[in-house]
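A.B. asks: Need coordinates for the below:
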Amino acid sequence: MSAVVASETAAYQSAPTTPALLQAPAHWQSVDFISDLHLQAGDDATFSVWRDYMRDSRADALFILGDLFEIWVGDDVLDDGADRGTSKAPTVGPGFALQCAEVLAAAARRMALYFMHGNRDFLLGTAYANACGMTLLDDPSVLDFAGQRWLLSHGDALCLEDRDYMTFRTQVRSKRWQQDFLAKPLTERQSIGRQLRTESEARKSSHQVNAVMQVDVDAAAARDWLHAAGTSTLIHGHTHKPAEHDLGKGQRRIVLSDWDGGASPARACILRLSKGARDGTAGDALIERLAATSA
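C.D. replies: Numbers count the residues shown, from 1 in each chain. Down below sits the predicted model:
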């Protein structure tokens, strides 16, 4: 393990800085959570399901916990004219980014939208967020809703055993790397983005790395995060393994599903928290996994 990764791992295994707290307004009755949609031009099935969900959702707020987009190389993608219909076109080009912005902005007129960076779209900035009516959230953040506190994260920072990724994450999340990258011409950034995506896909299909890809959230680190935040439930994405895990001593983590509208059956699931359990117990929250088409 490199010195950088060892240092970061040690930091995560100890209690992190107390995350920012978001107090839900009293009128909120239900909030939704989604992650890992990996939207991109050409995946019409996933985009269509997501667009319809955003149009029809009855939730008071939506929290997008990372990887809304397959890749994001800078908010100035919107200034680059129309999408190029070639095999070298970016997976999220200007036309597609604008389409998504219109969907988000329309939804933001009906409900509160919050966005947390993932490992694919960590360069999404305030310009695009403002155009969409989204509020950017730090990772992690705490939501106070329905009489409980919920710790929210994308989840990648807790996958400590994926050491290659942790090295990469340390590099690309640094302010200097991001400033240098965003200073490059957009076409060069798009080319780098395509290359990184190709390398990522090759890594997934490599037999040697398949074992690494099975690395999950580190339970001890998750417990430390929960303890530092004064919460008992962590909600996150990233691993594409929807489940609920008992961490002991009343702590748990709830993992969101990834989305793939072209799969059979299609995967397009949201997590919804609603005020009041089924038995009407005050101060409790009803937790449901719902298909986007029924939400």
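
A.B. asks: now the helices: where do they sit in this structure?
C.D. replies: Remark: helices assigned in the chain by DSSP state H are 3-13, 44-56, 94-108, 126-132, 163-172, 175-182, 186-205, 207-213, 219-229.

A.B. asks: quick one: which of those is nearest Asp75?
C.D. replies: Across these, Asp75 has its closest neighbour in helix 126-132 (4.0 Å, C-beta to C-beta). Any C-beta I mention is one placed from the backbone N, CA and C, and that applies to glycine too.

A.B. asks: Would you mind measuring from Gly237 to Val31?
C.D. replies: Gly237 sits 15 Å away from Val31, going by C-beta to C-beta, to the nearest Å.

A.B. asks: More neighbours: these two, which one.
C.D. replies: The residue with more neighbours, out of Gly237 and Val31, is Gly237; 29 against 24, by other C-beta atoms under 10 Å.

A.B. asks: For the more buried one, give me its contacts.
C.D. replies: By C-beta atoms under 8 Å, 6 or more residues apart in numbering, the contact set of Gly237 is Ser35, Asp36, Leu65, Gly66, Asp67, Gly118, His154, Gly155, Val255, Leu256, Asp258.

A.B. asks: Surely Tyr114 is in contact with Phe63?
C.D. replies: Yes - when contacts are counted by C-beta atoms under 8 Å, Tyr114 is listed as touching Phe63 (4.8 Å).

A.B. asks: Now the common contact residues for the two.
C.D. replies: When C-beta under 8 Å, 6+ apart defines a contact, the residues bordering Tyr114 and Phe63 alike are Leu137.

A.B. asks: quick one, which of these two is more surrounded?
C.D. replies: Using other C-beta under 10 Å as the criterion, Tyr114 and Phe63 rank with Phe63 on top: 26 against 20.

A.B. asks: In contact with Ile192, which residues?
C.D. replies: Contacts of Ile192 by C-beta under 8 Å, 6+ apart are Val73, Phe181, Lys184.

A.B. asks: Which pLDDT value belongs to the first one?
C.D. replies: Val73 carries a pLDDT score of 94 in this model.

A.B. asks: Grab the nearest non-local neighbour of it.
C.D. replies: Arg189 (4.0 Å; C-beta to C-beta, 6 or more residues apart in numbering).

A.B. asks: If we ignore the residues flanking it in sequence, what's nearest Gly230?
C.D. replies: In this structure, Gly230 finds its nearest non-sequential neighbour in Arg149, 6.4 Å apart by C-beta to C-beta, 6+ apart.

A.B. asks: what's the answer for Asp67, then?
C.D. replies: Leaving aside its sequence neighbours, Asp67 sits nearest to Gly118 (C-beta to C-beta, 6+ apart; 3.4 Å).
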